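Chemist: kindly return the folded structure for what I paste below:
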Amino acid sequence: MPWIRRLIYILLTILLTSSVPVQAQEFPATLQTGLGLLGGFPSGGFGNNITNPGIGISGHIGYRFPQSPVILGLDMSYLIYGHESRNERFSTTIPDVSVRVVTDNNILMTNLFLRLQPRESPFRPYIDGLFGFHYLFTKTSIRDIPDPFSDDIASSINFSDVAFTYGGSVGFMIEVYDGRPERTQFNRSVRTVSIDFRLRYLDGAKASYLNRGDVLRQSGQTALNISRSETNIITVFVGASVEF
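Modeler: Here you go, the predicted structure:
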């Protein structure tokens, strides 16, 4: 979706050119972490092949340089964009035991990011520049039927591929807790807790992958219906961020 990309770049430019007031006080180095829910919307050729959105989790950790709005960090996200399950007999020789066979289509997104964000404000917008990779993989596992969340009895990666990515984010944090007045030389507790909202676009290189239902079973054998395209994706994140 080119208009999404243009919108993000325009917002990035606006935030980059906005002046951040500098106050006459010391700003030490801090550590920022975050965790939350992630929605993923494949775009371009990726979106033509995968029409359903994905859902997952995302987390990050970043180092904020002293006396600076710059944060350098690592962001990792796990997204499931396809899921199917069925009940089967454990084997032809053990027909009296049934198991659940689950196939998930997944993306593991790992990116280094450079963030610009004001330090001292209850409302803190930010922009990110990112580069990294997508690890796309489809996994089939066997689980007990009474407990679908139990450990896998057995599992196998049906197919996987890697695509390099780059992109940008715009977002904002709303502070809900300020622990800075309580911090002392001997009390290094949480500085702030904030609600975090983020929109991200990642431009992914071409990769091969499977969609939901692309692991085919015929006469006791499996066949794969492999798709290939660029792996562009738009993600929406809602979570919490803690700064130490």
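
Chemist: the longest strand along the chain: how far from the chain's middle?
Modeler: Secondary structure of the chain per DSSP state E: the longest strand is strand 154-178. In terms of CA atoms, centre = their mean, to the nearest Å, the centre of strand 154-178 is set 2 Å apart from its chain centre.

Chemist: quickly run through the sheet partners of it, with directions.
Modeler: Strand 154-178 pairs in its sheet with strand 123-144 (antiparallel), strand 192-204 (antiparallel), by DSSP bridges.

Chemist: pLDDT of that strand, averaged?
Modeler: Throughout strand 154-178, pLDDT has a mean value of 94.

Chemist: for Leu79, see how far away the residue in the chain sticking out farthest from the centre is.
Modeler: Seen from the C-alpha centroid of the chain, the residue lying at the greatest distance (CA atoms, centre = their mean) is Thr93, 42.2 Å away. The gap separating Thr93 from Leu79 is 38 Å, by CB to CB, to the nearest Å. C-beta here means a position set from N, CA and C on the backbone, and glycine is covered the same way.

Chemist: which ones are touching Pro95?
Modeler: Residues counted as contacts of Pro95 (CB atoms under 8 Å, 6 or more residues apart in numbering) are Arg89.

Chemist: so what's the residue count around Ser156?
Modeler: Neighbours of Ser156 under the rule other CB atoms under 10 Å: 12.

Chemist: follow-up on the earlier one: mind checking which of the strands paired with strand 154-178 is nearest Pro42?
Modeler: strand 192-204 (9.5 Å; CB to CB).

Chemist: tell me which residues of that closest one come out buried.
Modeler: For strand 192-204, burial by neighbour count (16 or more other CB atoms under 10 Å) applies to 192, 194, 196-204.

Chemist: same check, this time on stretch 101-120
Modeler: For stretch 101-120, burial by neighbour count (16+ other CB under 10 Å) applies to 102-109, 111, 113, 115-117, 119.

Chemist: on that earlier part again, my guess is the residue farthest from the centre of the chain is in a helix, correct?
Modeler: No: applying DSSP: H, G, I helix; E, B strand; the rest coil, one finds Thr93 to be coil, outside a helix.

Chemist: so what's the most centrally placed residue in the chain up against?
Modeler: In the chain, the C-alpha nearest the mean C-alpha coordinate belongs to Ser77, at 2.6 Å (CA atoms, centre = their mean). Residues near Ser77 by CB under 8 Å, 6+ apart: 38, 56-59, 107-109, 235.

Chemist: now, those that are in strands?
Modeler: 38, 56-59, 107-109, 235.

Chemist: among those, which two are most distant?
Modeler: Gly59 and Ile107 (14.9 Å).

Chemist: under the pLDDT cut-off, which ranges of the chain? List them.
Modeler: For the chain, the stretches with pLDDT under 70 are 1-25, 146-150, 183-188.

Chemist: switch to 50 and redo it
Modeler: Within the chain, the ranges that satisfy pLDDT under 50 run 19-24.

Chemist: and stretch 80-97, how far out from the chain middle?
Modeler: The answer for stretch 80-97 is 29 Å, by CA atoms, centre = their mean.

Chemist: in it, what's buried?
Modeler: Using 16+ other CB under 10 Å as the test for burial, stretch 80-97 gives 81-82.

Chemist: what is the nearest of the ones in strands among the contacts of Ser77 to Leu216?
Modeler: Ile107 (21.5 Å).

Chemist: in this structure that closest one contacts Pro42, no?
Modeler: No: taking contacts as CB atoms under 8 Å, Ile107 lies outside contact range of Pro42: 9.2 Å.

Chemist: residue contacts, the closest residue to Asp178 other than its chain neighbours?
Modeler: Spatial nearest neighbour of Asp178, excluding adjacent residues (CB to CB, 6 or more residues apart in numbering): Thr192 at 5.7 Å. Counting by CB under 8 Å, 6+ apart, Thr192 makes contact with 175, 177-180, 242-243.
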